[in-house]
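1. coords please:
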Amino acid sequence: MFRNKVKQLLRDGRPAIGAWVTINSVDVVEALSRVGLDWLLFDMEHSSLEINDLQRLLPATNGTDTAPIVRVPWNDFVTIKRVLDVGAYGIMVPWVNTREEAEAVIKATTYPPRGIRGFGPRRAVYYGLESNEEYFRGVWDEILVITQIETEDAISNVDEILSVSGIDVAFVGPYDLSANLGIFGNFEHPKFKSAIEKVLEACKRRGVAPGIAALSVNDAVDAIKKGFRFVSIGYDIFDLTRIYRYNVEKVRQMVRYL
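-> Model (predicted):
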């Protein structure tokens, strides 16, 4: 069974850094899983990735200790169990606004008697080549559970949400949170800063790791200094376009002076 080093890093109070995967390419996943990232997050909410794509992409992380995590499109126990069955070792669930919704996440990710996940792992046990019993009894120790805090309701209820046993990370998406606060993209607004402080304080009280999508390398460093521990430092398609746009502009600028 894959040993999820991200859970240990967070338990130790150390940062776990990762990147988003939206490009449907084995090459991209295989390359990114070998650059030293602690985790890769495969995004089913805002990209075209589907369950069949995950079945093909997740094995590209094999042979590394980069944890494959999936953001599901919704808090739906059917989607969550299918994602886990094909070998995800972490789940990010968007739009978790209440304690009841957080409890539903835990139920979906755990087997009975605690939860309602049906037993039928496929690639997760390499199609029967590994022990079903070992997976059933031990996988919960390795699955990272992440709830997104991205609305005013979630901020108001953050302490109750994080009181649910089993949540490892409370994750803030700055654009979604600022949009729902009515101040889209204004990360210096007192309302946004106050919401961030509430998340950090609740995480400290409840022993949950705070997470955030950093907007740059400097932003990631600042976030870690503030206390965030699960921090993204890249987004495949945006990083690709940013690098090429910079290179194009640089070459055109240099050619102009030849």
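2. list phi and psi for Asp168.
-> phi -90, psi -40 (degrees, to the nearest 10).
3. what about it, how many residues nearby?
-> By other C-beta atoms under 10 Å, 23 other residues sit near Asp168. Where C-beta positions appear, they are placed from N, C-alpha and C, glycine not excepted.
4. who touches it in this structure?
-> By C-beta atoms under 8 Å, 6 or more residues apart in numbering, the contact set of Asp168 is Lys7, Leu10, Leu144, Val145, Ile146, Val208, Ala209.
5. and those residues, which of them are in strands?
-> Secondary structure defined by DSSP state E assigns Leu144, Val145, Ile146, Ala209 of the contacts of Asp168 to strands.
6. most neighbours, which of those?
-> Ala209 (26 neighbours).
7. which helix or strand contains Leu41?
-> strand 39-43 (DSSP states H and E).
8. show me the helices in the stretch 101-250 of the chain, by range?
-> 132-138, 152-156, 158-162, 174-180, 190-206, 217-226, 236-256 (DSSP state H, counting those that start in this stretch).
9. nearest to Pro68, of those helices?
-> Evaluated with C-beta to C-beta, the helices of the stretch 101-250 of the chain place helix 236-256 nearest to Pro68, the distance being 14.2 Å.
10. who touches the closest one?
-> Ala19, Trp20, Val21, Thr22, Ile23, Val28, Leu32.
11. just the helices of the stretch 101-250 of the chain: most buried one?
-> helix 158-162 (a mean of 21; mean count of other C-beta atoms under 10 Å).
12. helices or strands up against that helix?
-> helix 99-109, strand 169-172, helix 190-206 (3 or more C-beta pairs under 8 Å, 6 or more residues apart in numbering; DSSP states H and E).
13. in TSV: the ones you listed, plus mean pLDDT and distance to Ile155.
-> Output for the helices and strands packed on helix 158-162, formatted as TSV (pLDDT from 0 to 100; distance: least, C-beta to C-beta, whole Å):
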stretch	mean pLDDT	distance to Ile155
helix 99-109	98	14
strand 169-172	98	10
helix 190-206	98	5
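14. hmm, back to that, immediately after the strand holding Leu41, which helix or strand?
-> Later in the chain than strand 39-43, the nearest helix or strand by DSSP H and E is helix 51-57.
15. send me that next one as PDB with only the CA atoms.
-> The C-alpha trace of helix 51-57 is given here as PDB (Å, rounded to 0.1, in the frame of the first residue of the first chain):
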ATOM      1  CA  ILE A  51     -12.700   8.900 -14.000                       C
ATOM      2  CA  ASN A  52     -11.300   7.100 -17.000                       C
ATOM      3  CA  ASP A  53      -8.600   9.700 -17.300                       C
ATOM      4  CA  LEU A  54      -7.600   9.200 -13.700                       C
ATOM      5  CA  GLN A  55      -7.400   5.500 -14.200                       C
ATOM      6  CA  ARG A  56      -4.800   6.200 -16.900                       C
ATOM      7  CA  LEU A  57      -3.000   9.200 -15.300                       C
END
